[in-house]
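> got a sequence here, can you build the structure:
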Amino acid sequence: HKKHSTIEVDKIKESIQKSFESIYSEIEGLSKSHPTYEPIDKIKDELTKLFDGKIGKPYPKEKLNDLFKEGQARYDNEIPPGYKDRSSKKDSPKQSLYGDIILWKQIIDKAKADNMPIILVTDDLKDDWWDKFKGETQGPRKELLREFLDETGQRIYIYQADKFLEYANKLKIGKTIREEAIKEIRDVRIKDEQRLKELSYFSESIKKRIETRQNYFESEEFKKMLDRLSEQKETRRLDPETLKRIQDNLDNHWTRALKFNYSDVIDNLAVSYPFTDQQRVGIQRMIETYANKKSDNKPTREGTIEDKPNE
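Below you'll find the predicted structure:
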């Protein structure tokens, strides 16, 4: 209110308030016209009919526990599928964390039981299902094809939804799917692939910058800088507690700076790319994972200002 000669803050606040009220009123109107599916949900009823008799039985608890152990070993060695879920589902229940492994094993068991090949249609776009080159999908992971053949003696054909529907139309399998529907599915996939590319680029950028900073703070150049600081007259007059605080700040500066800088980066990206809460948590966890490398390999503090408080 007091620091600008021409801006009338009250008028601006009034305009903003009116805008909020207008938006709120519009949303209220839309909410009243939104369809409700309670107590009768026709869509759910139709889906239930489609899946009736087509869902396999769940694994018993003992089998799941064995799969959780196998899943951990596979993830540790980055054996597909599913290991890309490790960071994003770290705090999720095991049945969610190892969901891809459970699905994969059930498909294998189905092929064995029926002694038939399998077609898997999935919109999972991560690298633990697909071979990729420069971000472009080339086909299913060859490890998956080989494992399936070795386990079942059968072949598995893995498709993305739009590709499968295109082939089904060409081969006249089942009902003909409208081209508009296939295009809509393809557009969604392309948009998701673009998001994955952006996140991958962002991840690599963070990793390189963290490693660059980490290398500096573990370098001789950094240690020499601390030694020079300890020799300055200004620092000699500081009390030991202050010197220790300066040293700790220098040691921790890079991790603090990263958190502030990359929080800003995430917020800026969110303007054009709305991260979900889960994605934000995953990105922050990724930053912290790289930052924590420093705690296991700190540079020596010998000869630094903390060790020379009385000079």
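
> C-alpha only now, for contacts and for neighbours.
Fine.

> show me the contacts for the closest residue to residue 80 other than its chain neighbours.
In space, residue 80 comes closest to residue 128 once its chain neighbours are excluded; the distance is 4.9 Å by CA to CA, 6 or more residues apart in numbering. Under the criterion of CA atoms under 8 Å, 6 or more residues apart in numbering, the contact list for residue 128 reads 79, 80, 81, 82, 83, 84, 141.

> quick check: residue 128 is in a strand.
No - counting by DSSP: H, G, I helix; E, B strand; the rest coil, residue 128 is not found in a strand; it is coil.

> phi, psi for it please.
Dihedral angles of residue 128 (phi, psi; degrees, to the nearest 10) stand at phi -80, psi 0.

> over to the one 10 residues further on?
Note on residue 138: its backbone torsions stand at phi -100, psi -30 [degrees, to the nearest 10].

> what's around it, how many residues?
11 (other CA atoms under 10 Å).

> isn't it up against residue 130?
Yes - applying CA atoms under 8 Å as the test, residue 138 and residue 130 come out as touching, 7.2 Å apart.

> using TSV, lay out the contacts of residue 128 together with neighbour count and secondary structure.
What follows is these, written out as TSV (neighbours: other CA atoms under 10 Å; DSSP: H, G, I helix; E, B strand; the rest coil):
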residue	neighbour count	secondary structure
79	16	coil
80	22	coil
81	25	coil
82	24	coil
83	24	coil
84	17	coil
141	17	coil
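
> which of these sits closest to residue 224?
residue 84 (40.9 Å; CA to CA).

> my read is that the closest one contacts residue 125, right?
No - taking CA under 8 Å as the definition, residue 84 is not a contact partner of residue 125, at 10.4 Å.

> the strands in the stretch 1-150 of the chain, which residues?
Ranges of strands in the stretch 1-150 of the chain, per DSSP state E, counting those that start in this stretch, are 118-121, 130-133, 136-140.

> so which bits of the last one are buried?
Pointing back at strand 136-140 there. residue 140 (16 or more other CA atoms under 10 Å).

> likewise for stretch 175-193?
So for stretch 175-193, counting by 16+ other CA under 10 Å, buried means 182, 185, 186, 189, 193.

> any idea of the mean pLDDT in the longest helix along the chain?
In the chain, assigned by DSSP state H, the helix with the most residues is helix 179-217. Mean pLDDT, computed over helix 179-217, is 81.

> related to what we said a few turns ago, ok, the contacts of residue 128 vs residue 110, which is closest?
residue 81 (17.3 Å).

> could you measure from the closest one over to residue 38?
38 Å (CA to CA, to the nearest Å).

> cool, residue 131 as well?
43 Å.

> what pLDDT does residue 87 get?
Reported pLDDT for residue 87: 76.

> same question for residue 47.
Residue 47 is given a pLDDT of 91.

> could you do the one 4 residues further on as well?
Note for residue 51: predicted pLDDT of 91.

> gap between it and residue 45?
Where residue 45 is concerned, residue 51 sits at a distance of 10 Å (CA to CA).

> higher neighbour count, residue 131 and residue 38?
Using other CA under 10 Å as the criterion, residue 131 and residue 38 rank with residue 131 on top: 16 against 7.

> distance to residue 219 and mean pLDDT added to the strands of the stretch 1-150 of the chain, as a markdown table?
Formatted as a markdown table, the strands of the stretch 1-150 of the chain follow (distance: least, CA to CA, whole Å; pLDDT from 0 to 100):
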| stretch | distance to residue 219 | mean pLDDT |
| --- | --- | --- |
| strand 118-121 | 50 | 95 |
| strand 130-133 | 35 | 85 |
| strand 136-140 | 38 | 85 |
